[in-house]
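S.K.: prediction below, plus the sequence it came from.
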Amino acid sequence: MLALGKLLELTLTDHEPAEKTQVTTRGVRLRWLGEGALEVRPPEGEDCGLDLLLSAGIHGNETAPIELLERLLHGVANGKIKPRARVLFLFGNPAAIRKGERFIEQDINRLFNGRHELSSGFEALRAAELEQFARVFFSKPERTRLHYDLHTAIRGSKIEQFALYPFKEGRTHSRRELARLAAAGMEAVLLQSKSSITFSAFTYEQLDAEAFTLELGKARPFGQNEEVNLDRLETRLIQLIEDSEPQTEQSLEGLKLFSVAREIIKHSDSFHLHLPADIENFSELSKGYLLAEDLAETRWVVEEEGARIIFPNPKVKNGLRAGILIVPDSGQRLA
Ligand SMILES: O=C(O)CCC(=O)N[C@@H](CCC(=O)O)C(=O)O
Ligand SMILES: [Zn+2]
(Lines give C-alpha, C1' and ligand atoms only; values in the text may rest on other atoms or scores of the structure.)
(Ligands and ions follow the chains in the order given, each with its own letter.)
Protein backbone atom coordinates (compact mmCIF):
# COMPACT_ATOMS: atom_id res chain seq x y z
CA MET A 1 0.00 0.00 0.00
CA LEU A 2 1.09 3.60 -0.63
CA ALA A 3 2.92 5.02 2.40
CA LEU A 4 0.43 7.87 2.73
CA GLY A 5 -2.41 5.37 3.10
CA LYS A 6 -0.81 4.52 6.44
CA LEU A 7 -1.65 7.87 8.01
CA LEU A 8 -2.44 6.29 11.38
CA GLU A 9 0.88 4.45 11.49
CA LEU A 10 2.71 7.63 10.48
CA THR A 11 0.84 9.50 13.22
CA LEU A 12 1.34 6.88 15.95
CA THR A 13 5.08 6.78 15.23
CA ASP A 14 5.33 10.57 14.84
CA HIS A 15 6.86 10.02 11.42
CA GLU A 16 7.05 12.54 8.60
CA PRO A 17 6.73 10.77 5.22
CA ALA A 18 9.57 11.28 2.74
CA GLU A 19 7.13 11.66 -0.16
CA LYS A 20 4.38 14.17 0.63
CA THR A 21 2.24 13.45 -2.44
CA GLN A 22 1.37 10.08 -3.92
CA VAL A 23 -1.02 9.05 -6.69
CA THR A 24 -2.89 5.73 -6.68
CA THR A 25 -3.16 3.52 -9.77
CA ARG A 26 -6.67 4.98 -10.21
CA GLY A 27 -5.29 8.54 -10.35
CA VAL A 28 -6.40 9.54 -6.85
CA ARG A 29 -4.01 12.07 -5.31
CA LEU A 30 -3.05 11.73 -1.63
CA ARG A 31 -1.32 14.73 -0.05
CA TRP A 32 0.20 14.73 3.46
CA LEU A 33 -0.41 18.20 4.91
CA GLY A 34 1.18 17.78 8.32
CA GLU A 35 0.93 15.53 11.36
CA GLY A 36 -2.32 13.52 11.20
CA ALA A 37 -3.61 15.41 8.16
CA LEU A 38 -4.15 13.98 4.70
CA GLU A 39 -6.05 15.33 1.72
CA VAL A 40 -7.55 13.04 -0.93
CA ARG A 41 -8.36 14.41 -4.37
CA PRO A 42 -10.34 12.48 -7.00
CA PRO A 43 -8.95 12.03 -10.52
CA GLU A 44 -9.34 14.98 -12.93
CA GLY A 45 -12.87 15.21 -14.28
CA GLU A 46 -14.37 12.86 -11.68
CA ASP A 47 -14.91 15.37 -8.88
CA CYS A 48 -18.56 15.47 -7.75
CA GLY A 49 -18.24 18.83 -5.95
CA LEU A 50 -18.37 17.59 -2.35
CA ASP A 51 -15.70 18.59 0.17
CA LEU A 52 -15.90 16.11 3.05
CA LEU A 53 -13.91 16.63 6.25
CA LEU A 54 -13.63 13.55 8.45
CA SER A 55 -11.97 14.04 11.81
CA ALA A 56 -11.36 11.63 14.68
CA GLY A 57 -9.02 11.46 17.65
CA ILE A 58 -9.84 14.99 18.79
CA HIS A 59 -9.93 12.99 22.03
CA GLY A 60 -7.00 10.57 21.97
CA ASN A 61 -8.70 7.64 23.74
CA GLU A 62 -11.68 7.50 21.34
CA THR A 63 -10.27 4.82 19.09
CA ALA A 64 -13.25 3.30 17.21
CA PRO A 65 -13.62 6.38 14.98
CA ILE A 66 -9.85 6.48 14.41
CA GLU A 67 -9.97 2.85 13.27
CA LEU A 68 -12.89 3.71 10.99
CA LEU A 69 -10.96 6.53 9.28
CA GLU A 70 -7.98 4.22 8.94
CA ARG A 71 -10.17 1.63 7.15
CA LEU A 72 -11.54 4.29 4.79
CA LEU A 73 -8.08 5.59 4.01
CA HIS A 74 -6.75 2.09 3.35
CA GLY A 75 -9.69 1.56 1.00
CA VAL A 76 -8.80 4.73 -0.90
CA ALA A 77 -5.08 3.92 -1.00
CA ASN A 78 -5.55 0.35 -2.25
CA GLY A 79 -8.16 1.35 -4.84
CA LYS A 80 -11.20 -0.40 -3.28
CA ILE A 81 -12.85 2.97 -2.63
CA LYS A 82 -13.07 5.22 -5.68
CA PRO A 83 -13.30 8.83 -4.48
CA ARG A 84 -15.36 11.36 -6.39
CA ALA A 85 -15.32 13.78 -3.44
CA ARG A 86 -12.40 15.73 -2.04
CA VAL A 87 -11.78 14.37 1.45
CA LEU A 88 -9.69 15.72 4.31
CA PHE A 89 -8.77 13.15 6.95
CA LEU A 90 -7.68 14.62 10.28
CA PHE A 91 -6.46 12.89 13.43
CA GLY A 92 -7.08 15.63 15.96
CA ASN A 93 -4.71 15.19 18.89
CA PRO A 94 -1.80 12.92 17.84
CA ALA A 95 0.08 13.22 21.16
CA ALA A 96 -3.03 12.15 23.08
CA ILE A 97 -3.72 9.33 20.60
CA ARG A 98 -0.19 8.02 21.16
CA LYS A 99 -0.81 8.00 24.92
CA GLY A 100 -4.38 6.69 24.70
CA GLU A 101 -5.61 9.66 26.75
CA ARG A 102 -8.56 12.02 26.19
CA PHE A 103 -6.06 14.90 26.20
CA ILE A 104 -2.60 15.72 27.57
CA GLU A 105 -2.91 19.19 29.12
CA GLN A 106 -6.29 20.45 28.01
CA ASP A 107 -9.30 19.33 26.01
CA ILE A 108 -8.76 20.39 22.38
CA ASN A 109 -12.51 20.35 21.83
CA ARG A 110 -12.84 23.39 24.09
CA LEU A 111 -10.25 25.43 22.17
CA PHE A 112 -11.95 26.28 18.87
CA ASN A 113 -13.71 29.40 17.68
CA GLY A 114 -11.02 31.69 19.06
CA ARG A 115 -10.46 29.98 22.43
CA HIS A 116 -6.97 28.76 21.48
CA GLU A 117 -5.88 32.41 21.23
CA LEU A 118 -6.65 32.87 24.92
CA SER A 119 -4.66 29.79 25.87
CA SER A 120 -1.20 28.28 25.44
CA GLY A 121 0.47 24.88 25.20
CA PHE A 122 0.60 22.43 22.34
CA GLU A 123 -3.12 21.62 22.37
CA ALA A 124 -3.92 25.29 21.80
CA LEU A 125 -1.39 25.33 18.95
CA ARG A 126 -2.91 22.16 17.53
CA ALA A 127 -6.43 23.59 17.67
CA ALA A 128 -5.20 26.62 15.67
CA GLU A 129 -3.54 24.26 13.19
CA LEU A 130 -6.70 22.15 12.82
CA GLU A 131 -8.70 25.31 12.18
CA GLN A 132 -6.22 26.27 9.48
CA PHE A 133 -6.34 22.82 7.80
CA ALA A 134 -10.15 23.08 7.76
CA ARG A 135 -10.12 26.73 6.59
CA VAL A 136 -7.88 25.97 3.61
CA PHE A 137 -9.78 22.78 2.75
CA PHE A 138 -13.14 24.58 2.79
CA SER A 139 -11.88 27.66 0.92
CA LYS A 140 -13.00 26.58 -2.56
CA PRO A 141 -16.14 28.40 -3.67
CA GLU A 142 -19.37 26.80 -4.88
CA ARG A 143 -18.75 23.38 -3.38
CA THR A 144 -20.76 21.43 -0.85
CA ARG A 145 -19.07 21.43 2.56
CA LEU A 146 -19.67 18.64 5.05
CA HIS A 147 -17.82 17.83 8.28
CA TYR A 148 -18.28 14.85 10.58
CA ASP A 149 -16.21 14.98 13.77
CA LEU A 150 -16.26 11.43 15.10
CA HIS A 151 -16.21 10.66 18.82
CA THR A 152 -17.04 8.00 21.37
CA ALA A 153 -18.29 8.83 24.86
CA ILE A 154 -16.80 8.34 28.30
CA ARG A 155 -19.85 6.44 29.60
CA GLY A 156 -22.52 4.07 28.39
CA SER A 157 -25.63 5.51 26.79
CA LYS A 158 -29.32 4.69 26.57
CA ILE A 159 -29.01 5.91 22.98
CA GLU A 160 -25.75 4.55 21.57
CA GLN A 161 -25.25 6.59 18.41
CA PHE A 162 -26.28 10.21 18.15
CA ALA A 163 -25.24 13.51 16.63
CA LEU A 164 -24.81 17.02 17.98
CA TYR A 165 -25.81 19.70 15.45
CA PRO A 166 -24.11 23.09 16.06
CA PHE A 167 -25.92 26.42 16.06
CA LYS A 168 -25.46 29.72 14.26
CA GLU A 169 -27.77 32.71 14.51
CA GLY A 170 -29.82 33.03 11.32
CA ARG A 171 -29.06 29.51 10.08
CA THR A 172 -31.62 26.70 10.15
CA HIS A 173 -30.93 23.06 10.88
CA SER A 174 -31.37 20.97 7.74
CA ARG A 175 -33.95 18.18 7.55
CA ARG A 176 -32.01 16.64 4.65
CA GLU A 177 -28.85 16.38 6.76
CA LEU A 178 -30.84 14.81 9.59
CA ALA A 179 -32.29 12.24 7.20
CA ARG A 180 -28.76 11.46 6.04
CA LEU A 181 -27.66 10.98 9.66
CA ALA A 182 -30.59 8.63 10.29
CA ALA A 183 -29.58 6.62 7.24
CA ALA A 184 -26.06 6.46 8.69
CA GLY A 185 -27.37 4.80 11.85
CA MET A 186 -27.76 7.80 14.15
CA GLU A 187 -30.69 7.26 16.51
CA ALA A 188 -30.93 10.81 17.88
CA VAL A 189 -29.79 14.36 17.17
CA LEU A 190 -29.24 17.11 19.69
CA LEU A 191 -30.04 20.49 18.13
CA GLN A 192 -27.80 23.11 19.73
CA SER A 193 -29.20 26.55 20.42
CA LYS A 194 -26.06 28.58 21.07
CA SER A 195 -22.57 29.09 19.74
CA SER A 196 -19.91 26.67 20.97
CA ILE A 197 -16.14 26.11 21.13
CA THR A 198 -15.95 22.64 19.61
CA PHE A 199 -14.40 21.68 16.27
CA SER A 200 -17.75 21.02 14.55
CA ALA A 201 -19.07 24.34 15.88
CA PHE A 202 -16.07 26.09 14.28
CA THR A 203 -16.58 24.59 10.82
CA TYR A 204 -20.35 25.17 11.05
CA GLU A 205 -20.20 28.73 12.33
CA GLN A 206 -17.15 30.07 10.52
CA LEU A 207 -16.65 27.95 7.41
CA ASP A 208 -20.27 27.46 6.36
CA ALA A 209 -20.03 23.70 6.41
CA GLU A 210 -22.83 21.43 7.49
CA ALA A 211 -21.08 20.01 10.54
CA PHE A 212 -21.78 17.49 13.25
CA THR A 213 -20.17 15.83 16.21
CA LEU A 214 -21.07 12.15 16.01
CA GLU A 215 -21.08 10.05 19.19
CA LEU A 216 -20.68 6.43 18.22
CA GLY A 217 -20.54 4.36 21.41
CA LYS A 218 -18.28 3.99 24.41
CA ALA A 219 -14.58 4.87 24.28
CA ARG A 220 -12.28 1.84 24.42
CA PRO A 221 -8.60 1.19 23.57
CA PHE A 222 -7.41 0.25 20.06
CA GLY A 223 -8.46 -3.26 19.02
CA GLN A 224 -11.25 -3.50 21.61
CA ASN A 225 -14.10 -1.94 19.66
CA GLU A 226 -16.13 -5.04 18.69
CA GLU A 227 -19.13 -3.61 20.51
CA VAL A 228 -19.09 -0.39 18.51
CA ASN A 229 -20.97 -1.18 15.33
CA LEU A 230 -20.08 1.39 12.69
CA ASP A 231 -21.33 -0.58 9.67
CA ARG A 232 -24.13 1.81 8.69
CA LEU A 233 -21.98 4.89 9.13
CA GLU A 234 -19.11 3.31 7.20
CA THR A 235 -21.42 2.40 4.31
CA ARG A 236 -22.78 5.98 4.15
CA LEU A 237 -19.32 7.51 4.29
CA ILE A 238 -18.13 5.31 1.44
CA GLN A 239 -21.22 6.32 -0.55
CA LEU A 240 -20.51 9.99 0.14
CA ILE A 241 -16.88 9.59 -0.89
CA GLU A 242 -17.84 7.69 -4.05
CA ASP A 243 -20.88 9.87 -4.80
CA SER A 244 -23.10 6.81 -4.84
CA GLU A 245 -25.42 7.76 -1.99
CA PRO A 246 -28.96 6.49 -2.58
CA GLN A 247 -31.69 9.14 -2.55
CA THR A 248 -32.31 9.74 1.14
CA GLU A 249 -35.88 9.65 2.42
CA GLN A 250 -36.67 13.06 3.91
CA SER A 251 -38.70 11.33 6.59
CA LEU A 252 -37.21 11.58 10.05
CA GLU A 253 -39.35 8.80 11.43
CA GLY A 254 -37.55 6.94 14.18
CA LEU A 255 -35.00 9.74 14.69
CA LYS A 256 -35.32 11.24 18.16
CA LEU A 257 -34.74 14.98 18.34
CA PHE A 258 -33.63 16.86 21.43
CA SER A 259 -32.68 20.43 22.16
CA VAL A 260 -30.48 21.85 24.88
CA ALA A 261 -32.38 23.11 27.91
CA ARG A 262 -29.29 24.15 29.87
CA GLU A 263 -25.57 23.57 29.99
CA ILE A 264 -24.32 22.80 33.48
CA ILE A 265 -21.15 24.85 33.95
CA LYS A 266 -18.70 23.98 36.71
CA HIS A 267 -17.63 27.27 38.28
CA SER A 268 -15.42 26.15 41.16
CA ASP A 269 -13.79 23.25 43.00
CA SER A 270 -16.89 23.20 45.24
CA PHE A 271 -18.96 21.95 42.30
CA HIS A 272 -20.83 18.77 43.17
CA LEU A 273 -22.85 16.70 40.73
CA HIS A 274 -25.56 14.61 42.37
CA LEU A 275 -25.54 11.70 39.94
CA PRO A 276 -24.26 8.13 40.29
CA ALA A 277 -20.80 7.67 38.75
CA ASP A 278 -22.12 5.02 36.35
CA ILE A 279 -25.17 6.96 35.11
CA GLU A 280 -25.75 6.52 31.38
CA ASN A 281 -26.13 9.33 28.85
CA PHE A 282 -29.81 10.14 28.12
CA SER A 283 -30.93 9.07 31.61
CA GLU A 284 -34.18 10.79 32.52
CA LEU A 285 -34.30 13.20 35.46
CA SER A 286 -37.52 14.08 37.20
CA LYS A 287 -38.74 17.61 37.83
CA GLY A 288 -37.47 18.98 41.13
CA TYR A 289 -34.32 16.81 41.14
CA LEU A 290 -31.29 18.61 42.63
CA LEU A 291 -28.74 17.96 39.90
CA ALA A 292 -25.74 19.98 41.04
CA GLU A 293 -24.48 22.52 43.53
CA ASP A 294 -21.63 24.96 43.36
CA LEU A 295 -20.20 27.79 45.44
CA ALA A 296 -22.30 30.81 46.46
CA GLU A 297 -25.24 28.48 47.00
CA THR A 298 -25.71 27.93 43.26
CA ARG A 299 -28.15 25.07 42.78
CA TRP A 300 -29.12 23.32 39.55
CA VAL A 301 -32.63 21.97 39.98
CA VAL A 302 -34.42 20.20 37.12
CA GLU A 303 -37.43 22.28 36.06
CA GLU A 304 -37.98 20.87 32.59
CA GLU A 305 -40.52 18.19 31.65
CA GLY A 306 -38.86 15.15 30.02
CA ALA A 307 -35.33 16.29 30.94
CA ARG A 308 -32.38 13.98 30.33
CA ILE A 309 -28.67 14.32 31.05
CA ILE A 310 -25.78 13.81 28.64
CA PHE A 311 -22.00 14.04 29.15
CA PRO A 312 -22.13 14.44 32.97
CA ASN A 313 -18.51 14.97 34.05
CA PRO A 314 -17.69 16.71 37.36
CA LYS A 315 -13.95 16.38 36.63
CA VAL A 316 -13.83 19.06 33.93
CA LYS A 317 -11.82 22.22 34.56
CA ASN A 318 -13.59 25.14 36.21
CA GLY A 319 -15.47 27.25 33.68
CA LEU A 320 -16.25 24.29 31.41
CA ARG A 321 -19.40 22.29 30.72
CA ALA A 322 -19.99 19.52 33.28
CA GLY A 323 -23.11 18.14 31.59
CA ILE A 324 -25.94 19.05 29.25
CA LEU A 325 -29.58 18.99 30.27
CA ILE A 326 -31.67 18.18 27.20
CA VAL A 327 -35.37 17.98 26.41
CA PRO A 328 -37.35 16.42 23.52
CA ASP A 329 -37.68 18.67 20.46
CA SER A 330 -40.62 18.64 18.04
CA GLY A 331 -38.45 19.50 15.02
CA GLN A 332 -40.74 22.39 14.10
CA ARG A 333 -37.89 24.76 13.31
CA LEU A 334 -36.14 22.51 10.78
CA ALA A 335 -35.69 23.68 7.20
O1 LIG B 1 -18.60 11.36 27.13
C2 LIG B 1 -18.40 12.56 27.35
O3 LIG B 1 -18.65 13.09 28.45
C4 LIG B 1 -17.83 13.43 26.27
C5 LIG B 1 -17.85 12.79 24.90
C6 LIG B 1 -17.33 13.84 23.94
O7 LIG B 1 -16.15 13.94 23.76
N8 LIG B 1 -18.24 14.64 23.42
C9 LIG B 1 -17.90 15.82 22.71
C10 LIG B 1 -19.13 16.54 22.23
C11 LIG B 1 -18.79 17.74 21.41
C12 LIG B 1 -19.97 18.65 21.10
O13 LIG B 1 -20.57 19.16 22.03
O14 LIG B 1 -20.26 18.82 19.91
C15 LIG B 1 -17.11 16.72 23.64
O16 LIG B 1 -17.47 16.77 24.84
O17 LIG B 1 -16.17 17.35 23.18
ZN1 LIG C 1 -14.81 12.97 22.27
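M.R.: Arrived safely. The shown structure was predicted, so the numbers you read here are calculated from the model rather than taken from an experiment. Ligands and ions are numbered 1, 2, ... in the order given.

S.K.: roughly how far does the closest residue to S286 other than its chain neighbours sit from R98?
M.R.: Using C-beta to C-beta, 6 or more residues apart in numbering and skipping residues adjacent in sequence, the residue nearest S286 is V302, 6.7 Å away. Glycine gets a C-beta too; all of them are placed from N, C-alpha and C. Counting by C-beta to C-beta, to the nearest Å, the gap from V302 to R98 is 40 Å.

S.K.: look at the two and report which has more neighbours.
M.R.: The neighbour comparison of V302 against R98 (other C-beta atoms under 10 Å) goes to V302, with 19 against 14.

S.K.: my guess is the more buried one contacts E284. True?
M.R.: No - in this structure, V302 is not within contact of E284 by C-beta atoms under 8 Å, at 9.7 Å.

S.K.: who touches the residue in the stretch 101-250 of the chain that ligand 2 sits nearest to in this structure?
M.R.: Residue nearest to ligand 2 within the stretch 101-250 of the chain (C-beta to the ion): H151, separated by 3.4 Å. Neighbouring residues of H151 by C-beta atoms under 8 Å, 6 or more residues apart in numbering: A56, I58, H59, E62, P65, T213, L214, E215, L216.

S.K.: same question for R145.
M.R.: D51, L53, F138, T203, L207, D208, A209, E210.

S.K.: up against ligand 1, what does the stretch 1-150 of the chain have?
M.R.: H59, N109 (C-beta under 6 Å from any ligand atom).

S.K.: now whichever residue of the stretch 1-150 of the chain sits closest to ligand 1: phi and psi?
M.R.: For the stretch 1-150 of the chain, the residue closest to ligand 1 is N109, as judged by C-beta to the nearest ligand atom, at 3.6 Å. Backbone torsions for N109, taken as degrees, to the nearest 10, come to phi -80, psi 20.

S.K.: report pLDDT for it.
M.R.: Looking at N109, its pLDDT stands at 98.

S.K.: next one: T248
M.R.: 68.

S.K.: may I see the buried residues of stretch 327-335?
M.R.: D329, G331, L334 (16 or more other C-beta atoms under 10 Å).

S.K.: Three-state assignment for E117, please.
M.R.: helix (DSSP: H, G, I helix; E, B strand; the rest coil).

S.K.: any idea what R308 is bridged to?
M.R.: Here R308 sits in beta bridges with E284, I326, going by DSSP bridges.

S.K.: what's around it, how many residues?
M.R.: 21.

S.K.: so it makes contact with I326?
M.R.: Yes - counting by C-beta under 8 Å, R308 does reach I326; the two are 5.3 Å apart.

S.K.: any shared contact partners between those two?
M.R.: Shared contacts of R308 and I326 (C-beta under 8 Å, 6+ apart): F258, F282.

S.K.: tally of neighbours for A211?
M.R.: 28.

S.K.: repeat for A95
M.R.: With other C-beta under 10 Å as criterion, A95 counts 18.

S.K.: please, which helix or strand holds it?
M.R.: helix 94-99 (DSSP states H and E).

S.K.: one step back: for the residue of the stretch 1-150 of the chain closest to ligand 1, give me its contacts.
M.R.: When contacts are counted by C-beta under 8 Å, 6+ apart, N109 touches I58, H59, G92, I197, T198, F199.

S.K.: can you rerun that using 6 Å?
M.R.: I58, T198 (C-beta atoms under 6 Å, 6 or more residues apart in numbering).

S.K.: let me see the ranges of the strands in the stretch 101-250 of the chain.
M.R.: 144-153, 162-165, 188-191, 210-218 (DSSP state E, counting those that start in this stretch).

S.K.: what's the mean pLDDT across the first one?
M.R.: Right, the one you point to is strand 144-153. 98.

S.K.: ok, the last one next?
M.R.: Taken as a whole, strand 210-218 has a mean pLDDT of 97.

S.K.: make CSV out of the contacts of H151 and add distance to ligand 2 and neighbour count.
M.R.: Listed next are the contacts of H151 as CSV, based on distance: C-beta to the ion, whole Å; neighbours: other C-beta atoms under 10 Å:
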residue, distance to ligand 2, neighbour count
A56, 9, 28
I58, 6, 30
H59, 4, 24
E62, 5, 29
P65, 9, 30
T213, 8, 25
L214, 10, 23
E215, 8, 26
L216, 10, 25
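
S.K.: export these as CSV, with columns for distance to E9.
M.R.: Below are the contacts of H151 laid out as CSV (distance: C-beta to C-beta, whole Å):
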residue, distance to E9
A56, 15
I58, 19
H59, 20
E62, 18
P65, 17
T213, 26
L214, 24
E215, 26
L216, 22
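
S.K.: just the closest of those to K158, please.
M.R.: Nearest to K158, judged by C-beta to C-beta, of those is E215 at 12.2 Å.

S.K.: with adjacent residues omitted, what lies nearest to E62?
M.R.: T152 (4.3 Å).

S.K.: ok, that neighbour - contacts?
M.R.: Taking C-beta under 6 Å, 6+ apart, one finds E62, A64, L216, G217, K218, A219 in contact with T152.

S.K.: about what we covered before: state the distance from the residue of the stretch 101-250 of the chain closest to ligand 2 to T172.
M.R.: Counting by C-beta to C-beta, the gap from H151 to T172 is 24 Å.

S.K.: all helices for this structure, in order.
M.R.: Ranges of helices in the chain, per DSSP state H, are 7-12, 63-77, 94-99, 122-137, 175-183, 199-206, 231-242.
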